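> Pasting the sequence and the predicted model now:
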Amino acid sequence: MIQLNRSEVKPPQDWEQVVAKRFKGTDRYQAFLLVAIQFEALDINDDVRRQGFTMYPCCGLPGKTKKDFPSLWGKAKPALAKMSRRKCAYCEGEINAERSGQVEHFKPKARFPTLAYDWGNYFLACGGCNGAKSDRWPAQGGYLRPDAVDPTVYLVFQADGSVAPVPDHTDAANTVHDFDLNRGWLVSRRRRHLLDVMSRVEGLVQVYQENPQIAMKLVRAEWDRLCNPENGYTAALTQCFRRSWNAKVPSDPL
């Protein structure tokens, strides 16, 4: 999980009109927003709010028999993919097809319906992260928002592929838990990448013992490669590389 630049996401200029059309008229869309505001006035832990907006009486969504949000956020995928370098905004796993990526509502529309069509509430996510979080919102605190903070400050990655929140940081702990960032397949994939990085560190240490000047040039080149946001698992790779190198060569830390 790395910091993202929200300025790369540009919603269409006529987005409000597109949404209103999907609601079959501006009046119906405004009526929906008024009820949504009323719903969000409930405490975040209120039982009614936790049931979700579609269960709220007169929720203002179109459809006679099925209350559901008209889906339009898929149009945001290309811009979101550009922002996160076609990686999941949370686990940094590669998303290799547009249909494989999912538009994740950072504040879930079931709890925050006024943000259902807000492009500032969207991130590109993999099915693993989006499915784990689903409509959750913490009873206390929130989540690390990758376009607002540098998540690497609050997450500690280990060479075995696992990740832990820094102590006493509620948002980081919520993020690791609710997005299931230690799920088995994800940890295994991170570990495979990290084994290669740890092997490179060992080789660079050997070079350093023979020629520190050449070794440091190679180390900086490797560091630049790992920092490239196009790579998968950038946060894990850079953290573990730096920590391992600094432990083995404290006289020339990164």
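Nice, thanks for sending it over.
> S188 reaches S162, doesn't it?
No. Taking contact to mean Cβ atoms under 8 Å, the distance of 10.5 Å between S188 and S162 leaves them out of contact. Bear in mind the C-beta positions are built from the backbone N, C-alpha and C, glycine included.
> Tell me which of those two has more neighbours.
Summary of the neighbour comparison: S188 and S162, criterion other Cβ atoms under 10 Å, with S162 having more neighbours (16 against 11).
> Relative to A81, how far out is the more buried one?
In this structure, S162 and A81 are separated by 27 Å, where distance is defined by Cβ to Cβ, to the nearest Å.
> What does the residue sitting furthest away from the middle of the chain show for phi and psi?
No residue in the chain sits farther from the centre than E210, which is 42.1 Å out by Cα atoms, centre = their mean. When quoted as degrees, to the nearest 10, the phi and psi of E210 stand at phi -100, psi -40.
> can you check C126 too?
According to degrees, to the nearest 10, the main-chain angles of C126 amount to phi -80, psi 170.
> and it, how many neighbours does it have?
Using other Cβ under 10 Å, C126 is surrounded by 23 other residues.
> do you know how far it is from D168?
C126 is 29 Å from D168, where distance means Cβ to Cβ.
> Also Y29?
As for Y29, its distance to D168 is 42 Å (criterion: Cβ to Cβ).
> and the two? which has more neighbours close in?
Y29 (21 against 7).
> and the more buried one, that one's in a strand?
No. The assignment for Y29, made by DSSP: H, G, I helix; E, B strand; the rest coil, is helix rather than a strand.
> which residues does it contact?
Neighbouring residues of Y29 by Cβ atoms under 8 Å, 6 or more residues apart in numbering: 19-20, 23.
> can you give me the helices for the stretch 51-200 of the chain?
Counting by DSSP state H, counting those that start in this stretch, one finds helices in the stretch 51-200 of the chain at the ranges 77-83, 127-133, 170-178, 184-210.
> could you give the mean pLDDT of the helix or strand just after the longest one?
The first helix or strand that comes after helix 184-210 along the chain, using DSSP states H and E, is helix 212-227. Averaged across helix 212-227, pLDDT comes to 94.
> Give me the distance from helix 212-227 to the chain's centre.
In terms of Cα atoms, centre = their mean, to the nearest Å, the centre of helix 212-227 is found 29 Å from the chain centre.
> Kindly export it (C-alpha atoms) in CSV.
Backbone C-alpha positions of helix 212-227 (Å, rounded to 0.1, in the frame of the first residue of the first chain) are rendered in CSV as follows:
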residue,chain,number,x,y,z
PRO,A,212,32.2,-0.7,-1.1
GLN,A,213,32.1,2.0,-3.7
ILE,A,214,30.9,-0.2,-6.5
ALA,A,215,28.5,-1.9,-4.1
MET,A,216,26.9,1.3,-3.1
LYS,A,217,26.3,2.3,-6.7
LEU,A,218,24.6,-1.1,-7.2
VAL,A,219,22.6,-0.7,-4.0
ARG,A,220,21.3,2.7,-5.1
ALA,A,221,20.4,1.4,-8.6
GLU,A,222,18.5,-1.5,-7.0
TRP,A,223,16.8,0.9,-4.6
ASP,A,224,15.6,3.1,-7.5
ARG,A,225,14.3,0.0,-9.3
LEU,A,226,12.3,-1.1,-6.2
CYS,A,227,10.9,2.3,-5.6
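> Can you check what angle separates that helix from helix 184-210?
Here helix 212-227 runs at an angle of 160 degrees relative to helix 184-210 (axes from the mean of the first three to the mean of the last three Cα atoms, to 10 degrees).
> Could you point out the helix or strand that follows helix 212-227?
helix 234-248.
> T238 - how many residues pack around it?
Other residues within reach of T238, judged by other Cβ under 10 Å, total 20.
> close enough to count as contact, it and W223?
Yes. A contact is recorded between T238 and W223 when judged using Cβ under 8 Å, the distance being 7.5 Å.
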